[in-house]
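[1] Compute the structure for the input listed below.
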Amino acid sequence: MNKLALSAAVAALALSPVLTQVAHADDTSTPVTTNDYANWQNDFFVAGQLGQTQFRTADLSHDNSVFQNVRFGWRWNGLIGPEIGYVYLGRPKTDVTGDGSTSLSVKPRAATLGVNAKYNFYQNWFVTGHAGYMRSQTKFDEVSGDLGARYKTWNNGLYAGLGVGYDLTNNFSVGLNYDNYRVQSGNSTSSEYVDAGHGRTNVAAYSASVEYRF
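    Next up is the predicted model:
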């Protein structure tokens, strides 16, 4: 089982109480639970994440980079709903020749569309999960001395993640997150320009996040 499938499975398991809560949200006979206090967050939110990525591939000698993500979304009854976002997965690189004379860097970024959920399991503490589709753009930059070559490709992919956090106020919260992006890069002609063919890579992202609900 790859990292993406594992992330999605764990997120689904961790957020199973969300589905139960949604199923009974309109049932007036359902007892009040610890998550009912969160109904003030049943509209829109904006969230930002900052951290580090790790590319799970042997093709990159420097596989760590900066991770940035911004998401906009909505949750029904503060529990589950759609989201859109934009993610920057950094700019890792590799030494192509082994002597430092030629390097190749990749810079993937993506627009995302998916489903997100949030569940308060104890007072202000909560767990989150999200998953969906992404449309990525990857820029390749090969440098050899004073010469360089650049190439750009577009591909489809999937993402999933989970997190834990704390509501500081009714509108503002902080959290820690793990996300996994199944990134495709390159195509049948990219190797002709930058010595990089089509490939698939799992990108793990570890981040801290802030969220504002309004």
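[2] where does the chain have low pLDDT?
    Low-confidence regions of the chain, defined by pLDDT under 70, span residues 1-42.
[3] That one: strands as residue ranges?
    Assigned by DSSP state E, the strands in the chain fall at 44-55, 64-74, 80-88, 93-95, 102-122, 125-144, 147-167, 172-185, 199-213.
[4] Now do the contacts for the residue nearest to the spatial centre of the chain.
    Taking Cα atoms, centre = their mean, the centroid of the chain lies closest to D179, which sits 4.7 Å from it. D179 makes contacts with 7, 49, 69, 159-161, 204-205, 207, as judged by Cβ atoms under 8 Å, 6 or more residues apart in numbering. Every C-beta, even on glycine, is put in place using the N, C-alpha and C of the backbone.
[5] please redo it, this time with the cut-off set to 7 Å
    159, 161, 205 (Cβ atoms under 7 Å, 6 or more residues apart in numbering).
[6] ok, A111 to A58 distance?
    Distance check for A111 against A58: by Cβ to Cβ, to the nearest Å, it reads 28 Å.
[7] higher neighbour count, those two?
    A111 (13 against 8; other Cβ atoms under 10 Å).
[8] so what's the more buried one closest to, chain neighbours aside?
    Leaving out its chain neighbours, the residue that sits closest to A111 by Cβ to Cβ, 6 or more residues apart in numbering is R135, at 5.1 Å.
[9] Okay, N180 and Y86: tell me how far apart.
    Relative to Y86, and taking Cβ to Cβ, N180 is found at 17 Å.
[10] Compare the two and say which is more crowded by neighbours.
    Between N180 and Y86, counting by other Cβ under 10 Å, N180 is the more crowded of the two (23 against 14).
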